[in-house]
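**Student:** Sequence and predicted structure, then a few things I'm wondering about:
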Amino acid sequence: MASVPASIRFKEKLKELIMMISRYLYLILAFVGLPAVANNGEMPLEQQLAVKYIQAVTDHDYKVLSAFYDRDSIFKDRTASKSYTGRRHIISFLRRAHQGVLEYGFNIEHMFNSGSLVVMIGSYHYKGPGDQFGKPGKIIDLAIPGVTTVKLDMDNRRIEEHEDLMDYQTMADQLAVQ
């Protein structure tokens, strides 16, 4: 068997090394590029609209909320067995519920959608007068776990139905110690 000169072996090894490095670089670039493609920066439009809506609810922004509702919109709190239909009735209910509230927010811990139905799982934070909860003269602070679903009309950017399922037992437990 003839001996291969060292310079040729070196060139072959160098060529193999360059090919191996280029493959690894290609894989690294491919994997680095995947999150950019997968995330493409944005959550689905349905979720974006639902977040804007919930922000208006928790900010007590009745002007913005008025644009989200129409006369057929439904607002339900299934756990409390309450339901309101139509812009005027829903806004009136929210104004009463928000009266005197110092802080109100919804911490969304998980959100997903199936078409125009958006499901938000998290906790509502409430700080305000205890009058509504049988604690007159006190400021109460509550974190109420719950699920809010919003059925959207994406063409008109309206709320067809808002439904809350709240853990009122946790709320009662918190009220008992305040």
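**Tutor:** Nice, I can see it. Numbers count the residues shown, from 1 in each chain.
**Student:** quick one, strands of this protein?
**Tutor:** 74-77, 82-85, 103-114, 117-129, 139-153, 158-166 (DSSP state E).
**Student:** Can I get those in TSV including mean neighbour count, mean pLDDT and distance to residue 68?
**Tutor:** No exception for glycine: its C-beta is placed from N, CA and C like everyone else's. Putting those into TSV (neighbours: other C-beta atoms under 10 Å; pLDDT from 0 to 100; distance: least, C-beta to C-beta, whole Å) gives the following:
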stretch	mean neighbour count	mean pLDDT	distance to residue 68
strand 74-77	19	95	10
strand 82-85	15	96	14
strand 103-114	14	97	15
strand 117-129	18	96	13
strand 139-153	18	97	9
strand 158-166	19	97	5
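**Student:** nearest to residue 51, of those?
**Tutor:** strand 103-114 (7.3 Å; C-beta to C-beta).
**Student:** export that closest one as PDB, just CAs?
**Tutor:** The C-alpha coordinates for strand 103-114 follow below in PDB (Å, rounded to 0.1, in the frame of the first residue of the first chain):
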ATOM      1  CA  GLU A 103     -57.300  48.200  42.600                       C
ATOM      2  CA  TYR A 104     -58.700  45.600  40.100                       C
ATOM      3  CA  GLY A 105     -56.700  43.400  37.800                       C
ATOM      4  CA  PHE A 106     -56.600  40.000  36.100                       C
ATOM      5  CA  ASN A 107     -53.400  38.100  36.200                       C
ATOM      6  CA  ILE A 108     -53.600  35.800  33.200                       C
ATOM      7  CA  GLU A 109     -51.600  32.700  34.000                       C
ATOM      8  CA  HIS A 110     -52.600  30.700  30.900                       C
ATOM      9  CA  MET A 111     -54.500  31.500  27.800                       C
ATOM     10  CA  PHE A 112     -55.600  29.600  24.700                       C
ATOM     11  CA  ASN A 113     -58.200  29.800  22.000                       C
ATOM     12  CA  SER A 114     -60.200  27.600  19.800                       C
END
